[in-house]
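Student: I'll drop the sequence and a predicted model, then ask my questions.
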Amino acid sequence: MSDPTPVYPPLTAAILANAIRGGAAAARSRTMLQPAGGPGDKVFPPTFGDTVEVTVQGARHRTKYAVEERRLNGENRLCVLLDSVASQANRMEEALQRAWDEDRLSFPMVRVDFTEHVHDDPALDLSTLGGDGYITVLEAPHRLADALLRDSLLGDMRFRASGPGRAFTAAGPHNATAVYALCPTALVFGMWDSTGPRGGQGAKFQRALVSEIVGVGVAFGRKTKSRIDPAGIELNAGLVYKAKDAEEEWTLDEAHAAREGGKPVLFSRKGKDKPGRPSTINHSNVKPEVDSEAGGVTMDFAEQITVLSFPALRRLRFPRDVGGTPLPRERRATAEHDARTALAALGLAAVALQRDEGYDLRSRSALIPQGPLRVEILDRDGAISGTYSLSSDDAVKLVAQASEAAAQSGMGWSSDPIDLKPAEKLVQLIRGSREVSAAGDAEES
């Protein structure tokens, strides 16, 4: 008989607090994953613009994937990036956002409220405005330092000129209370305030939580593509022009074509086929092709490696409580420790909640974890001092326990969101972008 799966106790706030207080190095989780289709099924990593050459069994191969050799168990193994550190952070923030929306978790939230404009202006569609008309710090690319917040108002004042905005601008790793009170996730996932009043001198907060998913033992595959046009439209059926009428988009009649320098403009989408062909408007056949540069991979296994750095959290200092009052010396050490524990709990909750969301990374890249989530606490000498289970329900309790302890020392979190209103110029910029997109001329910024 095989050995039963070991049962580990759940991670509690007391265990986490003792680890941070006792000088532990990190909390770590390593999760083995396999394709949802089973071992040997093909998965598709993210592609990047430039191709690179790698040697596989003596043969050169060109690929658009991020591949590299990694040293595992004393030998070099060809590995491919399946989900980057930044992408993993975004997925974890999405999981935290869902938990916040569902009232499973309570922590500070700043968001830009577009709902008034969405209701008045159909051009500002909900699909790109947080889905519900709000864009939160968990959805904005640069978190609390994002330009969307910079160009919004708190009351009738620019966010950066408001009391909370000024406190955030003046914050840094040695004075992090304002960020802790407004957007604690920025202290977990990292942030650089490079677009604020201080420019490139704005505060930098390093990532305390880092996670990535890597495929190990990679073999490259190929994919094919083709399309038969049911209408039988041929590539040489006629020249396609850009229409003068934006609603029409394209035309075959030169008289109705847009003109530049007196000549009709051939229709083209950026990076799509040759101008003027029916294929640019998604008609005609696509000849069969084989793609070996982005044809997917098979692998021995994938692994998610997640590390929460306790030293990174210890570098954060909190000289004031969340109300802005300086902390006296006899209380500061306890308050700082409780704040760091609350941040650690929030980071680990992101890990557990993201796991519940699943590992469907992109089309044809669905992975299944092999076994439940396990969190190891590493001592400063690298020894594993304890291994614990962490379900999403336990993680929610962990945050509640840690944040309650922090509240008792003056570092409590407000559960009321701070709603900003977009400045009129921001609304105009978004509206103009939508109008250009509707005309078919939008390009990715």
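Tutor: Structure received.
Student: Work out for me the element the closest residue to Q34 other than its chain neighbours sits within.
Tutor: Distances taken as CB to CB, 6 or more residues apart in numbering place I368 nearest to Q34, at 5.7 Å, with adjacent residues excluded. No exception for glycine: its C-beta is placed from N, CA and C like everyone else's. Secondary structure from DSSP states H and E places I368 in strand 366-369.
Student: And the contacts of the helix or strand just after that strand?
Tutor: Per DSSP H and E, the first helix or strand lying C-terminal to strand 366-369 is strand 374-378. Strand 374-378 is contacted from outside by 8, 11, 15, 19, 24-29, 348, 351, 384-390, using CB atoms under 8 Å, 6 or more residues apart in numbering.
Student: Same check on stretch 340-347?
Tutor: 13, 16-17, 20, 27, 96, 105, 107, 180, 184-185, 187-188, 208-209, 308, 310, 313-314, 316, 395, 398-399, 401-403, 405-406, 411, 413.
Student: Could you pull out the helices in the stretch 251-400 of the chain for me?
Tutor: Under the criterion DSSP state H, counting those that start in this stretch, the stretch 251-400 of the chain contains helices at 310-314, 329-357, 392-408.
Student: Give the buried residues for the longest one.
Tutor: Of all the residues in helix 329-357, those buried under the rule 16 or more other CB atoms under 10 Å are 332, 334-355.
Student: What of the first one?
Tutor: Using 16+ other CB under 10 Å as the burial criterion, the residues of helix 310-314 that qualify are F310, A312, L313.
Student: which one among these gets closest to R431?
Tutor: A312 (40.8 Å; CB to CB).
Student: Make JSON lines out of the helices of the stretch 251-400 of the chain and add mean pLDDT and distance to E303.
Tutor: Formatted as JSON lines, the helices of the stretch 251-400 of the chain follow (pLDDT from 0 to 100; distance: least, CB to CB, whole Å):
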{"stretch": "helix 310-314", "mean pLDDT": "97", "distance to E303": "22"}
{"stretch": "helix 329-357", "mean pLDDT": "97", "distance to E303": "14"}
{"stretch": "helix 392-408", "mean pLDDT": "97", "distance to E303": "21"}
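Student: Tell me which of those sits nearest to K421.
Tutor: Closest approach to K421 among those is made by helix 329-357 (27.2 Å; CB to CB).
Student: where do the helices sit along the stretch 51-200 of the chain?
Tutor: Going by DSSP H, counting those that start in this stretch, the stretch 51-200 of the chain shows helices at 85-101, 115-120, 147-150, 163-170, 177-182, 184-189.
Student: who wins for proximity to G296 among the helices of the stretch 251-400 of the chain?
Tutor: Per CB to CB, nearest to G296 of the helices of the stretch 251-400 of the chain: helix 329-357, 23.0 Å.
Student: Report the angle between that closest one and helix 85-101.
Tutor: Interaxial angle, helix 329-357 versus helix 85-101 (axes from the mean of the first three to the mean of the last three CA atoms, to 10 degrees): 100 degrees.
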